[in-house]
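Asker: Fold the following.
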Amino acid sequence: MILSTPRFGRHIRWRRGDIVGEGAYARVYQCLNIDTGELMAVKSFIVFFIQIGENSEKIKKQLTAVNSEIGILRKLSHANIVNYYQADLSEDMKSIDILLEYIPGGNLKLIITKYKTLEVPIIRNYGRQLLGGLNYLHSNKIIHRDLKPANILITQDGVLKLTDFGSCKEFTDLDISLSKSLKGSPYWMAPEVVRLEGHSFSADIWSFGCILIEMIKGRPPWSDLSNDSKEVMELIARVDPSGLVPETVKELDGIIRMCLNCIPELRPTAGALLEMEFFNNL
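Answerer: Below is the predicted model:
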C-alpha cells in the first residue's frame, strides 16, 4: 500500500479543486496548498480499488505501475520536467494522488488546436526545450515512451515541461535489453514499437520528429490517412514515412527525416539534435 512520500520536507496539506485533464487511467485536478495558498496539480488514480474489484493480479499490476511512476518522478529534477512533490493514498482508499507542479498555460496540444500551424521561432524554442528534457531523461537511462503534445505542458512564460511518466521505462546497469512492450499513443509510435521488435531511447526521437511535423502542419502525422488507431499502427509498421515530411519548412526537412529513420540505430540522439544549428540559431 502506498503511503505519503513527500519529496521536500514536511507533508503538504491540500484541497482538491476543478478537473483540468483526464487520461485513460487517471484524472488531473487543480489543488490548493491549504498552508501556503500555492496552486498545485494532483494526478488521481480515482476509485482505484473499486474499478479493479477483487482481482489481486490487476491490483498488483496497477500498484506496481503507479509506484514505478512515483519512483521515477522522485528522481527527476530539470527545468523542462514537471516537479513532483508527494504521493498520498486517500483516506477513503478510493484513490492514489500524486501531487505535482501546476502549469496554468495548458499543453502543446491545446496550443496547436487553437493556433494551428506554429511559426519557426516557436518550433525552435519548443523543440530545443523538449530536447533538453529528453536528453536529461535519456542521460538518466529513462525512456518516456508516450511523447506527444498532450503530455507537454507550456507555462504562461513559454517554458516547456514534460509530464505523464506512466509509460516510462527506466533501465539499470543490469537491465540493458530492449523493451518489447506496446507503449505510447498511435500517431507518435515508432515502427519498432508497433512491431514489438524491441525499442530504446531512439523511440522517443521518432516521437519528437512526429511532434515537429504536428507543429508545422497543425495535425498529427498519419491523421490525414486514418483516424482509426489500429489502421494507424498498421500504416506505421509498413509505410515509408518520408511522405509525412512537410515541405513548407525547409530548415526542418533534414532533421525530421533523421528522426523518422526506420532504422532506430541511425536516428540522432537528443544530445546530438541539441547541437544542430537550427536549435541554436537564436
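Asker: Could you use CA atoms for every contact and neighbour count after this?
Answerer: OK.
Asker: where exactly do the strands run in the stretch 151-282 of the chain?
Answerer: For the stretch 151-282 of the chain, applying DSSP state E, counting those that start in this stretch gives strands covering 152-154, 160-162, 169-170.
Asker: hey, which of those strands is tucked in deepest?
Answerer: Ranked by mean neighbour count, these are led by strand 160-162 with a mean of 25 (mean count of other Cα atoms under 10 Å).
Asker: pLDDT averaged over it - what is it?
Answerer: For strand 160-162, mean pLDDT is 97.
Asker: how about P191, what does it touch?
Answerer: 236-237, 262 (Cα atoms under 8 Å, 6 or more residues apart in numbering).
Asker: circling back: A79 is nearest to which of the strands of the stretch 151-282 of the chain?
Answerer: strand 160-162 (7.3 Å; Cα to Cα).
Asker: Are any of the contacts of P191 buried, and if so which?
Answerer: Burial by neighbour count, judged by 16 or more other Cα atoms under 10 Å, picks out 236-237, 262 from the contacts of P191.
Asker: Just give the closest residue to L225, not the sequence neighbours.
Answerer: Nearest residue to L225 in three dimensions, chain neighbours excluded: V232, at 8.0 Å (Cα to Cα, 6 or more residues apart in numbering).
Asker: Correction: the previous question concerned S77.
Answerer: Among residues not flanking S77 along the chain, N83 sits closest, at 7.0 Å (Cα to Cα, 6+ apart).
Asker: Model confidence score at that neighbour, please.
Answerer: If you check N83, the pLDDT there is 96.
Asker: Quick check: it touching K75?
Answerer: No. Here N83 lies out of contact with K75, judged by Cα atoms under 8 Å, at a distance of 10.1 Å.
Asker: the more surrounded of these two?
Answerer: N83 (20 against 10; other Cα atoms under 10 Å).
Asker: wait, what's in contact with the more buried one?
Answerer: 73, 76-77, 100-101.
Asker: Please flag which of those sit within strands.
Answerer: 100-101 (DSSP state E).
Asker: E91: how many residues sit nearby?
Answerer: Neighbour count for E91, taken as other Cα under 10 Å: 8.
Asker: Next, it: phi, psi?
Answerer: Main-chain torsions, E91, degrees, to the nearest 10: phi -60, psi -30.
Asker: Model confidence score at it, please.
Answerer: Taking E91 on its own, its pLDDT is 72.
Asker: cool, the one 3 residues further on as well?
Answerer: For K94, the model assigns a pLDDT of 72.
Asker: try N280
Answerer: Taking N280 on its own, its pLDDT is 89.
Asker: Among the contacts of P191, which ones are in helices?
Answerer: Under the assignment DSSP state H, these contribute 236-237 to helices.
Asker: Let me have the contacts of N83 in CSV, extended by pLDDT, neighbour count and distance to Q30.
Answerer: Formatted as CSV, those follow (pLDDT from 0 to 100; neighbours: other Cα atoms under 10 Å; distance: Cα to Cα, whole Å):
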residue, pLDDT, neighbour count, distance to Q30
L73, 94, 23, 19
L76, 95, 15, 21
S77, 96, 14, 21
L100, 96, 22, 10
E101, 96, 18, 10
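Asker: Closest one of the contacts of N83 to E22?
Answerer: Nearest to E22 among these, with distances taken as Cα to Cα, is L100, at 14.9 Å.
Asker: Please give me every residue in contact with the closest one.
Answerer: 40-43, 82-86.
Asker: which one of those is nearest P221?
Answerer: Nearest to P221, judged by Cα to Cα, of those is V82 at 26.0 Å.
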